[in-house]
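A.B. asks: with the sequence up front, the predicted model follows.
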Amino acid sequence: MNETDTLNPRLARAQRWFLIIGVVASAACVFGAFNDWTGFVRAYLVGYLVWLLVGLGSLAILMLHHMVGGRWGFVIRRTLEASSRTLPLLALLFIPLAIGHANPNVYPRVTDGSFKAFYLSPPFLYARMVIYFACWIFLAFFLNKLSRQQDMGEGRGILRKFNNISSVGMLIYCVTISWASFDWVMSLEPRFASTIFGMIFIIMSALAAMSFTIIVTMFLSKHRPHSEVITPDHFNDLGNILLTFVMLWAYMSFAQFLIIWAGNLQDENFWYVTRATGGWVPVALFIILFHFAVPFILLLNRPVKRHMKALAFVGGGLIVMTWVDLYWFIMPAFYPFGPRLHWMDIVAPFAVGGLWLAFFARQLKAMPRLPLNDPRFEGVVQHG
């Protein structure tokens, strides 16, 4: 398939604009950090996690595709691979948060001599951070390396290697992102503990990544070779997957609430008491409505899932709701009586997002738009 010359210039133009937005917003964040370091770390944590979840979720969906081999994955595989290759950048952008972990106004110190105190001690904490990013970058590197080998026709045994790495990698991914959610979010309130907390973040990452991927796929579907392959059936498949992730997110979120509330343990239910009282009530209701109810109803409609712009609109809304959900997870630890929106809360996601999207656009240009020499790819055209 020959690609037209119109896509790369548009990606280059988008890359420049994203970079400008990222640099300007980052400069504003640097100014804010010098004036209010604690406020910056809190805002940056929320903004950073939105894009980290997109990158990590893309890696997870990529591994899922290599494990199950569904036809839905071929039209989005390059987008997932490009997103996964942004993880080294996300590791660099994590540096402000690594420094911020030393701020007791953000992460309280546990000094009671318990195992929790040892687990959250700075040396052990920083060691785990290095391990997390090393695992994620390692998995992304090898999956992309195999993909390049397949493009060059070195396909002997590639599919088996894809499956083997992804099977082990999915286990590593689930463990590391769960522990990362404990270290970076749950530890904001050391009293709180939940075994479902990590599962919620696993689903949130998949939901954010699929939402972003659908938006990119809508853009790519206007250009060759995607325009020759993608049909409403493909968007319907992606919409069904998105609906599945929405339902899983709602199920896990409600399961955590139900178990903690029914257990009525003081060291756990305070987390929901804070987030379901005072000024946080409207935020909680907003999340229930727009992170579950509205997208759930919309995605039940087949015409919405088959219309690429309508589906991309739902995806965009879910990315925004990822930020709202993270804000509701994190900020009550500092402001228990209600939201106190700071200008850095708005700017930080644009700072990280601008730089991330610029790097993503560069990565998307670096490889052919569709997988080459993959024997499973023949089914995509037939499916269309």
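C.D. replies: Okay, I see it. Numbers count the residues shown, from 1 in each chain.

A.B. asks: what about the host helix or strand of His66, distance to the chain center?
C.D. replies: Per DSSP states H and E: His66 is located in helix 37-68. Helix 37-68 has its C-alpha centroid displaced from the chain centroid by 3 Å (Cα atoms, centre = their mean, to the nearest Å).

A.B. asks: in the chain, which residue is closest to the centre?
C.D. replies: Leu53 (1.9 Å; Cα atoms, centre = their mean).

A.B. asks: now do that one, the pLDDT please.
C.D. replies: Per-residue confidence (pLDDT) for Leu53: 99.

A.B. asks: how much space between it and Asn8?
C.D. replies: Applying Cβ to Cβ, to the nearest Å, the value for Leu53 to Asn8 is 28 Å. All C-beta atoms are positioned from the backbone trio N, CA, C, and that covers glycine.

A.B. asks: ok, and the closest non-adjacent residue to Leu15?
C.D. replies: To be clear, residue 15 is Gln; Leu isn't right here. Nearest non-adjacent residue to Gln15, counting by Cβ to Cβ, 6 or more residues apart in numbering: Ala361, 3.9 Å away.

A.B. asks: where along the stretch 101-250 of the chain do the helices fall?
C.D. replies: Counting by DSSP state H, counting those that start in this stretch, one finds helices in the stretch 101-250 of the chain at the ranges 115-119, 122-151, 158-184, 197-220, 226-229, 232-263.

A.B. asks: show me what the helix or strand following the last one is in contact with.
C.D. replies: Past helix 232-263, heading to the C-terminal end, the next element that is a helix or strand (DSSP H and E) is helix 266-275. Contact partners of helix 266-275, identified using Cβ atoms under 8 Å, 6 or more residues apart in numbering, comprise 189, 191-194, 257, 260-261, 263, 280, 283-284, 328, 332, 336.

A.B. asks: show me what counts as buried in helix 266-275.
C.D. replies: Glu268, Asn269, Trp271, Tyr272, Thr274, Arg275 (16 or more other Cβ atoms under 10 Å).

A.B. asks: quick one: low-confidence parts of the protein?
C.D. replies: Across the chain, the ranges flagged by pLDDT under 70 are 1-5, 113, 155, 378-384.

A.B. asks: dump the helices of the stretch 101-250 of the chain to a markdown table, plus mean neighbour count and distance to Asn373.
C.D. replies: Shown next, in a markdown table, are the helices of the stretch 101-250 of the chain (neighbours: other Cβ atoms under 10 Å; distance: least, Cβ to Cβ, whole Å):
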| stretch | mean neighbour count | distance to Asn373 |
| --- | --- | --- |
| helix 115-119 | 12 | 46 |
| helix 122-151 | 16 | 5 |
| helix 158-184 | 18 | 9 |
| helix 197-220 | 24 | 20 |
| helix 226-229 | 17 | 16 |
| helix 232-263 | 18 | 21 |
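
A.B. asks: that older thread, the helix or strand just after the helix holding His66 vs helix 122-151, what angle?
C.D. replies: The helix or strand immediately downstream of helix 37-68 is helix 77-84, counting by DSSP H and E. In terms of direction (axes from the mean of the first three to the mean of the last three Cα atoms, to 10 degrees), helix 77-84 departs from helix 122-151 by 150 degrees.

A.B. asks: state the phi and psi torsions of Pro225.
C.D. replies: phi -90, psi -10 (degrees, to the nearest 10).

A.B. asks: tally of neighbours for it?
C.D. replies: Burial of Pro225 is recorded as 17 neighbouring residues (other Cβ atoms under 10 Å).

A.B. asks: roughly how far apart are it and Asp325?
C.D. replies: Separation of Pro225 from Asp325 (Cβ to Cβ): 36 Å.

A.B. asks: quick revisit: which among the helices of the stretch 101-250 of the chain is found nearest to Ser58?
C.D. replies: Set against Ser58 and scored by Cβ to Cβ, those come closest in helix 197-220, at 4.4 Å.

A.B. asks: now for that closest one, which elements pack on it?
C.D. replies: Based on contacts counted as 3 or more Cβ pairs under 8 Å, 6 or more residues apart in numbering; DSSP states H and E, the elements that helix 197-220 packs against are helix 37-68, helix 77-84, helix 158-184, helix 232-263, helix 308-330.
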